[in-house]
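# Okay, here's the prediction I keep looking at, along with the sequence it came from:
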Number of protein chains: 2
Amino acid sequence: MTATGDARRAPVPPGGRREDRRAQLVEAAVDHVAAHGIADLSLRRLGAATGVSHRMLIHYFGTKEQLLVEIVRTSERRRRASLSRLRAEPGRSPADVARLLWRQLADPGAAGEERLFFEICGHALRGRPEAAPVLEGLVEDWLEPLVAAEIEAGATPAEARNRARVGLATVRGLLLDLLATGDRAGVDAAMEEFLRLYFGSE
Amino acid sequence: MTATGDARRAPVPPGGRREDRRAQLVEAAVDHVAAHGIADLSLRRLGAATGVSHRMLIHYFGTKEQLLVEIVRTSERRRRASLSRLRAEPGRSPADVARLLWRQLADPGAAGEERLFFEICGHALRGRPEAAPVLEGLVEDWLEPLVAAEIEAGATPAEARNRARVGLATVRGLLLDLLATGDRAGVDAAMEEFLRLYFGSE
DNA sequence: GGCTTCATGTACCGAACGGTACATGGGGGT
DNA sequence: ACCCCCATGTACCGTTCGGTACATGAAGCC
């Protein structure tokens, strides 16, 4: 049976094309926003860029605000997916986890999404409700794999939490440095210096 | 002689009230933006908040874009002023400089300006020209006092630069953590942990 | 005292926006 | 074959925006 076979009485085919189309539109919207920013997004421009009329965006998302919610949520989901790559193998040393974290955040191909992350942070810090979910998991969610690696390496829970928080903060600060200056070599050198400080392997 | 006595032929009294009024308006604008954000600033709302008509903002700044330039510049100038407090005394240890840097950035009274900083960063990373000046000095300017303290403490120039870059990044990352979570105690603990790592005073 | 200059306000303009009303056309169910 | 549902488009509405035209009144200069 096809996915469209059993939709009859519900105004919205439950597992049908509508949700697919919605998901497809929001994916396109996240791409567009990662490339062009979220600050001055307009339904008309987004529609023109993705090949639909702005009317359809209203049709699928009800309101611009709800579309923004979906965009932020989807962008977050993408980040979670890359986060899950960090916590996969439990045998990793903290240094490995930190290097992995850095490598994936500093990847030039992800620069658009990282810029979007900082941009959404800026909006969230202003209390914009659609961006608020980013603040929730901003620290806790990313702390988890780092804390796990620290504890596995022998740290006490309190130590592990503080060390993980420092590591996350440093990686984020260096990421901002990288995005602002573009000085990949300089920032990489600083990251190596941090790893020496952090793990003591002089 | 008063400041208004000698303005005759120039369309703008050179040292006269016009520049004073301009400066006064831009200061009020920065305050307003630090409190309410820069993303959806409108001349009308800003005018209403500062007691002038939006017409006057155009009169003094020509265009909204130029007003934004002035706002960013003035906000930067305020940050420079607080930066200069860091590099005043040359006898400071790197730990002292780092603690001072942290204390002044994490001060709750400065939260509005710090939020504005991240917000402007987000715009600057998108290439908005009025925010671009922030990116210029984002790293270099703040590195200087840290590097100086490191060299004074005996580091080689290369070491000093890397260590300073790490310190600045960590402070910024923890600041974002603090603004997002509001967990002052937790972030302070992480900062102390970082200072232990950084300066080795176990 | 008359003239100019300038700060300031009111009223307006065109553009872009988010959102709505309505038309239309195609695909699936009976 | 008919019908209905729904995706999609076009045209429009009211609002807000940045920016402009013009009026007005006060202050300084001859």
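Great, that's in hand.
# which residue is nearest the middle of chain A?
Residue closest to the mean C-alpha point of chain A, counted by Cα atoms, centre = their mean, is A:Arg79 at 3.1 Å.
# Would you confirm that that one contacts A:Glu113?
Yes: using Cβ atoms under 8 Å, A:Arg79 is in contact with A:Glu113, at 7.4 Å. From N, CA and C alone the C-beta is placed, and that goes for glycine too.
# Between the two ends of stretch A:25-45, how far is it?
14 Å (Cα to Cα, to the nearest Å).
# what sits against A:Ala155?
Applying Cβ atoms under 8 Å, 6 or more residues apart in numbering or on different chains to A:Ala155 gives the contacts A:Arg163.
# Can you report how many residues neighbour the closest residue to A:Arg85 other than its chain neighbours?
With sequence-adjacent residues excluded and distances taken as Cβ to Cβ, 6 or more residues apart in numbering or on different chains, A:Arg85 is closest to A:Gln104, at 7.0 Å. For A:Gln104, the count of nearby residues is 14 (other Cβ atoms under 10 Å in any protein chain shown).
# A:Gln104 and chain B, how far apart?
Distance from A:Gln104 to chain B, counting by Cβ to the nearest Cβ, to the nearest Å: 16 Å.
# what does A:Leu46 give?
Distance from A:Leu46 to chain B, counting by Cβ to the nearest Cβ: 16 Å.
# Determine the set of other helices and strands touching the helix or strand where that residue lies.
Assessed by DSSP states H and E, A:Leu46 sits inside helix A:43-50. Packing partners of helix A:43-50 (3 or more Cβ pairs under 8 Å, 6 or more residues apart in numbering or on different chains; DSSP states H and E): helix A:17-36, helix A:54-61.
# ok, now with 10 Å
Contact here means 3 or more Cβ pairs under 10 Å, 6 or more residues apart in numbering or on different chains; DSSP states H and E; on that basis helix A:43-50 packs against helix A:17-36, helix A:54-61, helix A:64-84.
# buried sites along that helix?
Residues of helix A:43-50 classed as buried: A:43, A:46-47, A:50 (neighbour count, 16 or more other Cβ atoms under 10 Å in any protein chain shown).
# That one near DNA strand C anywhere?
Yes: if you take Cβ under 7 Å from any atom of the strand as the test, helix A:43-50 does meet DNA strand C, through A:43-45.
# possible to save those as CSV with pLDDT?
Converted to CSV, the residues of helix A:43-50 next to DNA strand C look like this (pLDDT from 0 to 100):
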residue, pLDDT
A:Leu43, 97
A:Arg44, 97
A:Arg45, 97
